[in-house]
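Colleague: quick one, what's the 3D model for this:
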Amino acid sequence: MKIGELREKIKNVKTDDLQQIIVEMYKQIPKKMREEKEIDKLIEDPEMFKKRKSAKKSMEDLDFSSVEKEVRFFISNAYEQNYVAPNRTISKKERSNWRFTAKRLVDQVTSFANHPEHRKVSISLLEELYRLFVYASGHYVFVSDEPFYTLKIPQEDFLKRIIWLKKEIEDPDKWISDSLKLVLECDVDYQTLTSSLLEVLLSTLNNAPLKERMVGIAEKLIQEKRSSAKRTKGRYSDWKQEEMINHLVEMVFMTRSALGEYQLAVDFFEKYYIKSENEIKLFILLRLIMEYQNIEVWRNEYERAVKRGIKPREALRKMYDYIRQENQFPDYIYLN
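Modeller: The predicted structure is shown next:
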């Protein structure tokens, strides 16, 4: 059967039947061939697989040392604001076309990242570009202050690309720890939430041992940040430390929930999440439970909070009534 015929035949196949076909085909592929053809990577991230395949075709025309040099030149001049202010280094035309240069460099570095001899340096370059674009989302670096949107590379996708590449060459403790810090140490663009980036990281933890390592790493970082926050009490850095601790607590909650450890996740949140008002803390906890756990836990925590004397806002009371009547979550969490 030709490829065109295959496409035509599977076009109208039901999802369940198609899944069964794929599973049966997968069973027939020898393990050695699955590894050589990167079948598992195709299944885990089809979009990234397609990009890697197309990138390999153009590798013959690229010289890594030249690309690396150009990337570092681009990053250096961007931080020096040479892509927005008149200068002798970057011409007016180059300044207005920065996005084409940036997109090309990202694609080229990604191509080299698929080759063992250039992988480590390429990943480092991608991280530097990622940090630059995050910085440019809040500072005057390019003519557009929305670089991820302008480049048509969502921040979540760029982050995921880096994490998957790091995962291929680094031991779990390192790539998990470095990826977590990359999320927390960088800001977000105008349409991205830190929680969305944490979800991207969680999606790469595709087995229980990796999730357990994440919990251990995040809990250790929380203890370090708590100690640091105590030493700097009363100084400007306090709010930033608290924000980072809360994001780490959220990561532990998400990961333990993914492991089915619902009560441990809730208990950890209650113990370490920093918020001055108990009702606000309850609202955040119930939002997380709604996203990552189930109705029974949500209802139990709501009722437990009321017994402790916490008065939930009207929106939560409405949600509680809805859940009791419908035995399901509403389509969204009420805000007022």
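Colleague: can you tell me the closest non-neighbouring residue to residue 225?
Modeller: Once flanking residues are discounted, residue 225 sits nearest to residue 245: 4.9 Å by C-beta to C-beta, 6 or more residues apart in numbering. Backbone N, C-alpha and C define where each C-beta goes, glycine included.
Colleague: do I have it right that that neighbour meets residue 271?
Modeller: No: at 11.5 Å, residue 245 does not count as touching residue 271 under the criterion of C-beta atoms under 8 Å.
Colleague: higher neighbour count, those two?
Modeller: A direct count of neighbours by other C-beta atoms under 10 Å for residue 245 and residue 271 places residue 245 higher, at 22 against 9.
Colleague: which element follows whatever helix or strand the more buried one lives in toward the C-terminus?
Modeller: Assigned by DSSP states H and E, residue 245 belongs to helix 238-258. Next along the chain after helix 238-258, taking DSSP H and E as the criterion, comes helix 262-272.
Colleague: for that following helix, list the C-alpha coordinates in CSV.
Modeller: Provided in CSV are the C-alpha atoms of helix 262-272 (Å, rounded to 0.1, in the frame of the first residue of the first chain):
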residue,chain,number,x,y,z
TYR,A,262,-3.6,13.8,46.9
GLN,A,263,-3.5,14.3,50.6
LEU,A,264,0.3,14.6,50.7
ALA,A,265,-0.1,17.4,48.1
VAL,A,266,-2.7,19.2,50.1
ASP,A,267,-0.8,18.9,53.4
PHE,A,268,2.4,20.2,51.8
PHE,A,269,0.5,23.2,50.3
GLU,A,270,-1.0,24.0,53.7
LYS,A,271,2.4,23.9,55.4
TYR,A,272,4.5,25.8,52.9
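Colleague: what packs against it?
Modeller: helix 208-231, helix 238-258, helix 278-292, helix 295-307 (3 or more C-beta pairs under 8 Å, 6 or more residues apart in numbering; DSSP states H and E).
Colleague: put together a markdown table for the ones you listed, with distance to residue 10 and mean pLDDT on each row.
Modeller: Listed next are those as a markdown table, based on distance: least, C-beta to C-beta, whole Å; pLDDT from 0 to 100:
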| stretch | distance to residue 10 | mean pLDDT |
| --- | --- | --- |
| helix 208-231 | 33 | 90 |
| helix 238-258 | 31 | 93 |
| helix 278-292 | 34 | 95 |
| helix 295-307 | 37 | 96 |
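Colleague: check those helices for me and report the most buried one.
Modeller: helix 238-258 (a mean of 20; mean count of other C-beta atoms under 10 Å).
Colleague: where does pLDDT dip in the chain?
Modeller: 1-2, 32, 35-37, 41, 48-61, 229-237, 334-336 (pLDDT under 70).
Colleague: try it again at 80.
Modeller: Within the chain, the ranges that satisfy pLDDT under 80 run 1-9, 11, 17, 27, 31-38, 40-42, 44-62, 228-238, 276, 332-336.
Colleague: domain ranges for it?
Modeller: 1-37, 47-169, 171-182+199-274, 277-336 (automatic domain parsing).
Colleague: I'd like to know which of those domains is closest to residue 191.
Modeller: domain 47-169 (7.1 Å; C-beta to C-beta).
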